[in-house]
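Student: Quick one, what's the 3D model for this:
(one chain, ligands or ions: 1)
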Amino acid sequence: MSAEAKVIDMAYKIQQAEDGNRGLHYEENLLWEKEYSDEPGVDLPEPAGLASRTGVEVRGEIGLPNVSEPQVLRHFVRMSTWNYSIDHGFFPLGSCTMKHNPRLNEKMARLPGHAHIHPAQPESTVQGALKLMYELQSWLSEMTGLPGVCLTPAAGAHGELAGMMTIARAHEQKGNTHKKVVLIPDSAHGTNPATAVMCGFKVRNVPTGDTGCVTVEAFKEALYAESEDAAEVAGMMVTNPNTCGLFEKDIVEIADLLHKAGGYFYCDGANFNALVGKVRPGDFGVDVMHINLHKTFSTPHGGGGPGSGPICTSAELAPYVPVPTVVKKGDSYALEWEEDRPETFGRLKGFQGQFGMFVRALAYMMSHGADGLRQVSEDAVLGANYVLSQLKDDYHAPYAANGPCMHEALLTDKKQKEAGVTTLDIAKALTEYGFHPMTVYFPLVLPGTMLIEPTETESKDSIDRFITVMKGFAADIKAGDTEKFHAFPLSTPRRRLDEVKAARNPVLRWA
Ligand SMILES: *Cc1c(COP(=O)(O)O)cnc(C)c1O
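Tutor: Numbers count the residues shown, from 1 in each chain. Predicted coordinates:
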C-alpha cells in the first residue's frame, strides 16, 4: 500500500469510528404489534366482577394497544429517526437542493398571526398576510427579471403544469391552434415531458452534446425537424443550469431562435440556487419559469412539509397565469380572481397556495438580503466545484475538462464499473457510512451518473468527510477490495430492498 493510500485508508476508518453513524439505529415493531394488554396506559383496568350500570351492551375489545404516554412518545421519537433527513447529516442529493432550513423561518411561520389565520377570512382582516405575499411576489420578480408572478402552485411539478398551461392558454388566445410541439433536451427532469404531454403537447427531444449542454446546431436541427419555419413549435422546456450541473452557454441564441418561431421558453427553475443574485432568467430569454421555494429558498421538503412552486412570467404571459394573484390598491392589498383577470386559464389550487411556505421563503430572503442571497449561490457553486476538484481523478468526471460546474458536480461509475462496482453499490456504501447518497442514474444522458449537490449550508468539514469516504471507496475498488460493495449496507435494519418491486407492487395496507 502506498503512503498516500495508507493516509486515505486511515482517514476512512476514522470516519467510521468518529461518526459512529452507521446505517439506521433503531428497529422495532409497530405499537399495534406490541403485547401490552396487561399494562395499564392512562386508564386503570376495569375492576373485576362489576356489572355494567349503563344498561347497554358492554363494549367489546377494540384492539387498541394499552400503552402509556412515555411509551408512545419514545416510540414515535425513535421512529422519527428512521428516515435520514437534512437534520441528521450530509444530504448531497443532486437537483434537490437539500439545504438546511433555518429555524428562524419556522419561528416566523409559527407566529399566531401567520399560523392561525384562515384562507376564507375577509381580506380586510388579513392585510398583513396579503402584504407578505405581495412582497414575496416582488422579491421573486426582482430575482428572475420576470414581472408576472403567481404563487399558488404547490410544488415544482405543479409549477411546471401552471407554466405550461399558461403557455397553452396564450397560444389558445392568439388562435395558434397549430402549435402543438414542445422541445425538451434529454437531460430534462422526467416531470418536464410529463407536464408537456399532460397539457396536450407532443414532445420533441433535443440531444445533449458532448459538452453536457444543448448546442445551437442540435437545437436548430430539432426546431426545424418538421417544417422550415417551425410553425408547429409551441415552446421549449429547458432547465438552466441544466441537470448536468452546467450553465447552458448558448441559451440566449437558442431562446432567440425559439422566439422567432413564435414559441415560448419555459425554464425549469429547480436549479435556481446557482443563479440567485447573479443572473436574471428574464435576461436570457425566459418567458415563464417555476421556482421551488422548497429548494432554493429553504422551506422544508422531502417528508418535511408541503412544497411550493410559484411561477414567474414575462409581462406578455402575465394575464394568463392561474388566479389568484395579490395586487396593491392604494394602501391596501387584494386578491384578484377570475372576474378581475378574464384571460386567466382559471384556478389550479384551492385558496392562495401554501401560505406557511411563503412565510418561510420570505423570512429566508429578508434575513439574507440581496447581498446574502448572491453569496448563497456563490458558495453553493464553490462547494460543488470543491467536490468536483477533489474527486475528478478518482471517478470519471465527464465534463470537468470543460471548466467549472455550477452548484452540482456530475460523476459516473465508469472507472469503478471495470471492477464490477456500480453507482448503486456506491450509493449503498454511502448509506453504510452514514451519508445520504447523491442522486443516482440521473441525468440519463450518460450511464451510471452520480449527481452531487453539497449546497452552501454544508461546512468544509462535512464536505471533507464525504470526500474522504468517496476517495476511500475509489481506493478500495482500485485495490480489488470490491466484494463488500455488493453487500452494503450492512448495519441498516433493512439491507437491499427490491426497489423495482416496491414501486411496481406497492403494499399499501399493513395486515
Ligand atoms: C425537483 C425538480 C423538479 C420537480 O419539483 P417538485 O417540487 O419535486 O415537484 C423539476 N425539475 C427539476 C430539475 C427538479 O430538480
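Student: what sits against Pro437?
Tutor: Residues in contact with Pro437 (Cβ atoms under 8 Å, 6 or more residues apart in numbering) are 92-93, 426-428, 430-431. Heads up, the C-betas are built off the backbone N, CA and C, glycines and all.
Student: go with 10 Å
Tutor: Residues counted as contacts of Pro437 (Cβ atoms under 10 Å, 6 or more residues apart in numbering) are 84, 91-94, 423-424, 426-431, 450, 452.
Student: Tell me which entries of these lie within helices.
Tutor: When DSSP state H is applied, the contacts of Pro437 are split such that 423-424, 426-431 fall in helices.
Student: Compile the residues you listed into CSV and extend it with columns for distance to the ligand.
Tutor: Below are those laid out as CSV (distance: Cβ to the nearest ligand atom, whole Å):
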residue, distance to the ligand
Thr423, 18
Leu424, 20
Ile426, 21
Ala427, 18
Lys428, 23
Ala429, 24
Leu430, 20
Thr431, 21
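Student: so which two of the residues you listed are the farthest from each other?
Tutor: Thr423 and Thr431 (13.2 Å; Cβ to Cβ).
Student: What's the ChimeraX line that selects buried ones from the ones in helices among the contacts of Pro437?
Tutor: Of the ones in helices among the contacts of Pro437, the buried ones go into a single ChimeraX selection, burial set by 16 or more other Cβ atoms under 10 Å:
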select :423,424,426,427,428,429,430,431
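Student: Can you tell me which of the ones in helices among the contacts of Pro437 lies closest to Val445?
Tutor: Val445 has its nearest neighbour among the ones in helices among the contacts of Pro437 in Thr423, at 14.0 Å by Cβ to Cβ.
Student: Please report the residue range of the longest helix in the protein.
Tutor: For the chain, the helix that runs over the most residues, judged by DSSP H, is helix 355-391.
Student: Can that one be said to contact the ligand?
Tutor: No. Under the criterion of Cβ under 6 Å from any ligand atom, helix 355-391 makes no contact with the ligand; the nearest approach is 11.0 Å.
Student: where does the protein come near the ligand, residue by residue?
Tutor: Contact residues (Cβ under 6 Å from any ligand atom) of the chain with the ligand: 95-96, 155-157, 189, 191, 239, 243, 268, 270, 292, 307, 309.
Student: Any chance of CSV for the ones in helices among the contacts of Pro437, columns pLDDT?
Tutor: Listed next are those as CSV, based on pLDDT from 0 to 100:
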residue, pLDDT
Thr423, 98
Leu424, 97
Ile426, 98
Ala427, 97
Lys428, 95
Ala429, 95
Leu430, 94
Thr431, 89
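Student: mind listing the strands in the stretch 251-400 of the chain by residue range?
Tutor: Using DSSP state E, counting those that start in this stretch, the strands assigned to the stretch 251-400 of the chain run over residues 264-268, 288-290, 311-313, 325-329, 332-336.
Student: right, and those strands - which one's nearest Val181?
Tutor: Proximity to Val181 (Cβ to Cβ) singles out strand 264-268 among those, at 12.3 Å.
Student: Give me the sheet partners of the closest one and which way each runs.
Tutor: Under the criterion DSSP bridges, strand 264-268 sits next to strand 233-239 (parallel), strand 288-290 (parallel) in its sheet.
Student: hmm, back to that, could you point out which element follows the longest helix of the chain?
Tutor: Per DSSP states H and E, the first helix or strand lying C-terminal to helix 355-391 is strand 409-412.
Student: Do you know the pLDDT at the most centrally placed residue in the chain?
Tutor: Centroid-nearest residue in the chain: Cys96, 3.5 Å away (criterion: Cα atoms, centre = their mean). Predicted confidence (pLDDT) for Cys96: 94.
Student: mind listing what it touches?
Tutor: 86, 156, 270, 292, 294-295, 301-302, 408, 436, 438-439, 451, 453, 455.
Student: Counting only helices, which of these make the cut?
Tutor: If you go by DSSP H, those have 156, 294-295 in helices.
Student: Among the residues you listed, find me the one that's closest to the ligand.
Tutor: Relative to the ligand, the closest of the ones in helices among the contacts of Cys96 is Gly156; by Cβ to the nearest ligand atom it sits at 2.2 Å.
Student: neighbours around Pro102, how many?
Tutor: Using other Cβ atoms under 10 Å, Pro102 has 16 neighbouring residues.
Student: any idea how far whatever residue of the stretch 201-350 of the chain ends up closest to the ligand is from Glu248?
Tutor: Residue nearest to the ligand within the stretch 201-350 of the chain (Cβ to the nearest ligand atom): Ala270, separated by 3.2 Å. Per Cβ to Cβ, to the nearest Å, Ala270 is found 14 Å from Glu248.
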